[in-house]
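Asker: Need the 3D shape of this:
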Amino acid sequence: MIPTRNNAGIAHENGAIESAHGHLKRAIADALLMRASSDFPDLVAYRAFIDTLVSQRNARNAKRIESERATLQSLPDRRTCDYEDVAVRVTSAGGFRLRKVFYTVPSRLIGHRLRVRLYDDRLEVFVGGTPLLTLPRGRSLPSGRHDQVVNYHHVIHALRRKPMALLGLVYRDQLFPREAYRLAFEALREAMPERQACRIAVDLLALAHDRGCEAELADRLAADLRRGTLPDMVALRARFAPDPAGIPHVTVHLASLASYESLLGDAA
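Answerer: Prediction:
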């Protein structure tokens with residue numbers, strides 16, 4: 001037999017590959033029907049579902065794959081380029097828009113031009129050639145509407161200056177890192193004027209950001225809501241303030257001026 005290669009751009013030469021791809025898509029659709037739901041708790045669960053289905057279909061070819069494995073060449077030293085390079089500019093809103101998704105970044109990057117490596121599940125953001133941060137990849141909604149990937153750590157400094165902006169944020173629900181923060185904000189809005197509710201909600205996010213107590217603070221807020229009480233910022237700041245006993249006492253010993261004069265004398 002004489003091996004041949006498919007020619008790029010010649011659609012009818014890809015029949016064997018496209019046929020197998022079509023069979024797999026139909027098998028996935030059938031498996032979802034048998035599962036009776038297309039909802040998955042997260043991307044990891046969906047990938048596990050696909051991996052299980054593909055493994056079952058490939059099991060019948062296991063013997064042929066093993067017989068050919070001995071003749072396969074070794075993998076290359078580096079992975080192929082499985083990402084897309086995209087250049088974006090950070091707007092005054094503190095983020096950038098890419099593929100119908102708005103991503104927040106630290107406010108110090110406003111006006112900067114960033115280089116983004118767009119993977120299937122994440123974005124790797126660079127300033128020039130320097131890695132900056134990694135963001136989870138978002139997808140536009142099935143209706144075609146834009147979506148947002150928001151990190152409250154990126155925008156909390158701007159919200160501190162203008163707490164009322166929280167009220168009209170398009171991505172307000174995505175801003176709250178946990179459900180307890182959103183429920184606390186709703187309870188505050190029902191119990192007091194919106195200006196005061198926004199101020200306290202922003203203070204809660206700022207406390208979680210400054211003290212690194214996001215999970216613990218969420219548990220405390222959930223407990224307060226179950227009791228029917230509103231967050232008390234004075235008590236919460238005292239609860240999550242640094243422990244004075246854990247702060248080291250630093251003693252600075254100043255060098256005498258005579259030691260500098262001796263250095264000058266040696267140099268002379």
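
Asker: from here on, contacts and neighbour counts on C-alpha atoms
Answerer: Fine.

Asker: what sits against residue 38?
Answerer: Applying Cα atoms under 8 Å, 6 or more residues apart in numbering to residue 38 gives the contacts residue 32.

Asker: Ramachandran angles for it?
Answerer: Phi and psi for residue 38, reported as degrees, to the nearest 10, are phi -100, psi 10.

Asker: What distance do you get for it to residue 138?
Answerer: 18 Å (Cα to Cα, to the nearest Å).

Asker: residues near residue 115, how many?
Answerer: Here the count is done by other Cα atoms under 10 Å, and residue 115 has 21 residues near it.

Asker: helices and strands around the host helix or strand of it, which ones?
Answerer: Assessed by DSSP states H and E, residue 115 sits inside strand 113-118. If you count contacts as 3 or more Cα pairs under 8 Å, 6 or more residues apart in numbering; DSSP states H and E, strand 113-118 packs onto strand 84-89, strand 122-127.

Asker: between these, which one is nearest to residue 193?
Answerer: Among these, the nearest to residue 193 by Cα to Cα is strand 84-89 (37.0 Å).

Asker: The helix or strand following the closest one - which strands sit beside it in the sheet, and in what orientation?
Answerer: The helix or strand immediately downstream of strand 84-89 is strand 95-98, counting by DSSP H and E. Looking at strand 95-98 with DSSP bridges, its partner strands are strand 101-104 (antiparallel).

Asker: one step back: name the residues that touch the strand holding residue 115?
Answerer: Contact with strand 113-118 is made by 83-90, 123-128, as judged by Cα under 8 Å, 6+ apart.

Asker: Parallel or antiparallel, list what pairs with it.
Answerer: Here strand 113-118 is paired, per DSSP bridges, with strand 84-89 (antiparallel), strand 122-127 (antiparallel).

Asker: Would you format those as a markdown table with mean neighbour count, mean pLDDT and distance to residue 76 included?
Answerer: As requested, those are exported to a markdown table (neighbours: other Cα atoms under 10 Å; pLDDT from 0 to 100; distance: least, Cα to Cα, whole Å):
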| stretch | mean neighbour count | mean pLDDT | distance to residue 76 |
| --- | --- | --- | --- |
| strand 84-89 | 13 | 93 | 20 |
| strand 122-127 | 18 | 93 | 23 |
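
Asker: want to throw those strands into TSV with distance to residue 258?
Answerer: Converted to TSV, the strands paired with strand 113-118 look like this (distance: least, Cα to Cα, whole Å):
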stretch	distance to residue 258
strand 84-89	55
strand 122-127	47
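
Asker: which stretch among these comes nearest residue 53?
Answerer: strand 122-127 (24.1 Å).

Asker: can you list the domain ranges for this protein.
Answerer: If you go by automatic domain parsing, the domain ranges for the chain are 20-53, 84-149, 157-246.

Asker: Assign residue 166 to helix, strand or coil.
Answerer: Assigned with DSSP: H, G, I helix; E, B strand; the rest coil, residue 166 falls in the helix class.

Asker: thinking again about what came up before, wait, which of the strands paired with strand 113-118 is closest to residue 232?
Answerer: Set against residue 232 and scored by Cα to Cα, the strands paired with strand 113-118 come closest in strand 122-127, at 37.6 Å.

Asker: Residues touching the closest one, excluding its own?
Answerer: With Cα under 8 Å, 6+ apart, strand 122-127 has contacts from 113-118, 131-137.

Asker: Tell me the buried residues within the residues you listed.
Answerer: For those, a burial check counting by 16 or more other Cα atoms under 10 Å picks out 113-118, 135, 137.

Asker: Check residue 10 and give its pLDDT.
Answerer: At residue 10 the predicted local confidence, pLDDT, stands at 69.

Asker: er, residue 113 I mean
Answerer: If you check residue 113, the pLDDT there is 93.

Asker: and the buried ones among the contacts of strand 122-127 as a markdown table, adding distance to residue 71?
Answerer: Output for those, formatted as a markdown table (distance: Cα to Cα, whole Å):
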| residue | distance to residue 71 |
| --- | --- |
| 113 | 47 |
| 114 | 44 |
| 115 | 40 |
| 116 | 38 |
| 117 | 34 |
| 118 | 34 |
| 135 | 40 |
| 137 | 38 |
